[in-house]
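*Asks:* A predicted structure for the sequence below; I have some questions about it.
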Amino acid sequence: QKEVEQDPGPLSVPEGAIVSLNCTYSNSAFQYFMWYRQYSRKGPELLMYTYSSGNKEDGRFTAQVDKSSKYISLFIRDSQPSDSATYLCAMSLRRGAQKLVFGQGTRLTINP
Amino acid sequence: SQTIHQWPATLVQPVGSPLSLECTVEGTSNPNLYWYRQAAGRGLQLLFYSVGIGQISSEVPQNLSASRPQDRQFILSSKKLLLSDSGFYLCAWRGTGGIPMNTEAFFGQGTRLTVV
């Protein structure tokens, strides 16, 4: 079993829709959770990070962590064509831990 | 501000040829440095990481090696490339200070390597 599981998609939705992206993980010791966005042929860029359980909102993006279920989500409201990218979840055991474990990435397309 | 440089952006190499990809970081000291590989449609596979000069940890046995000759320089090498070495190679750094410096990783723009 992979440490982090993420549905690779592809996911295609109309502009303006609410998008839900999810990851599950097996290691209950993970504490830091991140979402990266990667445009085609580019390096990933950090979108949001959260510590432990709870929600974090940044504009149209909301990151949610449920440690009891080992489940994290990224919600995108009022989706735009410019949100079309691959979204990768990542997590680490603790602050400063050497390793970040990534999900497979979900390819998202927002259709105008 | 911190920046990370990775080059070249694209590389086509014949099987059996050597490889050298370079990554440098500016604006920070003693970063953790990483090499990842991303196969088409797949996630990021950690290849090597380094917590200091000359300190390299290998995550998977492979045809590649890494070196860190200077604090902010990380090099990925191979003596003889295989077809299976094709992929998108990403260098990344993480800080070792307080939040948010040592939480998330910052990536370079990647090198697309095609072995023919």
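*Replies:* Ah, there it is.

*Asks:* element containing the residue positioned nearest the centre of chain B, please.
*Replies:* By Cα atoms, centre = their mean, chain B has its centre lying nearest to B:Trp35, at 2.8 Å. Element membership of B:Trp35 [criterion: DSSP states H and E] is strand B:32-38.

*Asks:* then A:Cys23?
*Replies:* Judged by DSSP H and E, A:Cys23 forms part of strand A:19-25.

*Asks:* which parts of that strand are buried?
*Replies:* Going by neighbour count (16 or more other Cβ atoms under 10 Å in any protein chain shown), the buried part of strand A:19-25 is A:19, A:21-25. From N, CA and C alone the C-beta is placed, and that goes for glycine too.

*Asks:* wait, what's in contact with the closest residue to B:Pro8 other than its chain neighbours?
*Replies:* Nearest non-adjacent residue to B:Pro8, counting by Cβ to Cβ, 6 or more residues apart in numbering or on different chains: B:Thr111, 6.0 Å away. Contacts for B:Thr111 (Cβ atoms under 8 Å, 6 or more residues apart in numbering or on different chains) come out as B:6-11, B:21, B:88-90.

*Asks:* which of these has the most neighbours?
*Replies:* B:Leu90 (26 neighbours; other Cβ atoms under 10 Å in any protein chain shown).

*Asks:* among the buried residues of strand A:19-25, which are in reach of chain B?
*Replies:* Among the buried residues of strand A:19-25, none lies close to chain B by the criterion of Cβ under 8 Å from any Cβ of the partner chain.

*Asks:* which one of those is nearest chain B?
*Replies:* A:Cys23 (10.4 Å; Cβ to the nearest Cβ).

*Asks:* show me the beta-bridge partners of the closest residue to the closest one other than its chain neighbours.
*Replies:* Nearest residue to A:Cys23, sequence neighbours excluded (Cβ to Cβ, 6+ apart): A:Cys89, at 3.8 Å. Beta-bridge partners for A:Cys89, by DSSP bridges, are A:Trp35.

*Asks:* burial measure for A:Cys89, as a count.
*Replies:* So A:Cys89, with other Cβ under 10 Å, has 27 neighbours.

*Asks:* over to the one 3 residues further on?
*Replies:* For A:Ser92, the number of neighbouring residues by other Cβ under 10 Å comes to 23.
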